[in-house]
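Fold the following for me, if possible:
(one chain, ligands or ions: 2)
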Amino acid sequence: MCLFCKIVAGEIPSNKVYEDDKILAFRDIAPQAPSHILVIPKTHIPSLDGVNEENVEIVAHIFKMIPKIAAEEGLTNGYRLVSNCGPDACQTVPHLHFHILGGAKLAGEMA
Ligand code: 5GP
Ligand code: ZN
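Ligands and ions are numbered 1, 2, ... in the order given. Down below sits the predicted model:
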């Protein structure tokens, strides 16, 4: 089981900010901004490259919920959404996740 599947299963604790039957949002263990939340599907999808006709609905649901999670977090002045896909993007956990970063003026450059 991958690290984030273990978090979904409750085998590894996490600081949850939102949960429903399809997705989980929790605080990143090593925050890179004052607010750094990870949003993941509860089912294992390795990365954006694993999105397909069968599972795209859960990704749509994640995108529907991200503005609500950001609003609940108080990110009224904006936020950044990041999904690292594969080695060149330095993806370290092989389970699709979206980083919500905010709570301060972020760097203008992304890479
Ligand atoms: P990636 O580098 O794959 O885009 O992002 C993985 C993220 O997961 C990193 O920002 C890292 O800090 C975070 N992370 C790794 N292990 C854990 C963990 O056990 N708990 C939490 N909450 N975040 C983790
Ligand atoms: Zn997984």
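
Could you point out the helix or strand that follows the longest helix seen in the chain?
Counting residues, the longest helix found in the chain (DSSP state H) is helix 56-72. Proceeding N to C from helix 56-72, the next assigned helix or strand is strand 79-82, under DSSP states H and E.

tell me which parts of this protein are close to ligand 1?
With CB under 6 Å from any ligand atom as the criterion, the chain meets ligand 1 at residues 3, 12, 14, 26-30, 38, 84, 90-93. Just so you know, the C-beta spots here come from the backbone N, C-alpha and C atoms, and that holds for glycine as well.

Kindly write the PyMOL command that selects the buried subset of these.
Buried residues among the residues of the chain next to ligand 1 (16 or more other CB atoms under 10 Å), as a PyMOL selection:
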select buried, resi 14+26+28+38+84+91
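
just to revisit the earlier point, how far is the longest helix of the chain from where the chain is centred?
In terms of CA atoms, centre = their mean, to the nearest Å, the gap separating the centre of helix 56-72 from the centre of its chain is 10 Å.

Let me know the angle separating the longest strand anywhere in the chain from helix 56-72.
With secondary structure taken from DSSP state E, the chain has its longest strand at strand 35-41. What separates the directions of strand 35-41 and helix 56-72 is an angle of 160 degrees, with axes from the mean of the first three to the mean of the last three CA atoms, to 10 degrees.

ok, strand 35-41: who's next to it in the sheet?
In its sheet, strand 35-41 lies beside strand 23-27 (antiparallel), strand 98-102 (antiparallel), with partners assigned from DSSP bridges.

which other residues reach the longest helix of the chain?
With contact meaning CB atoms under 8 Å, 6 or more residues apart in numbering, helix 56-72 is reached by 17-18, 20, 22-23, 25, 37, 39, 41, 43, 45, 51, 79, 81, 96, 98, 100, 102.

Recalculate using a threshold of 6 Å.
Contacts of helix 56-72 from elsewhere in the structure, counted by CB atoms under 6 Å, 6 or more residues apart in numbering, are 18, 22-23, 25, 39, 41, 51, 79, 100.

near ligand 2, which residues of the chain show up?
Taking CB under 5 Å from the ion as the contact definition, the chain meets ligand 2 at 2, 4-5, 44, 95.
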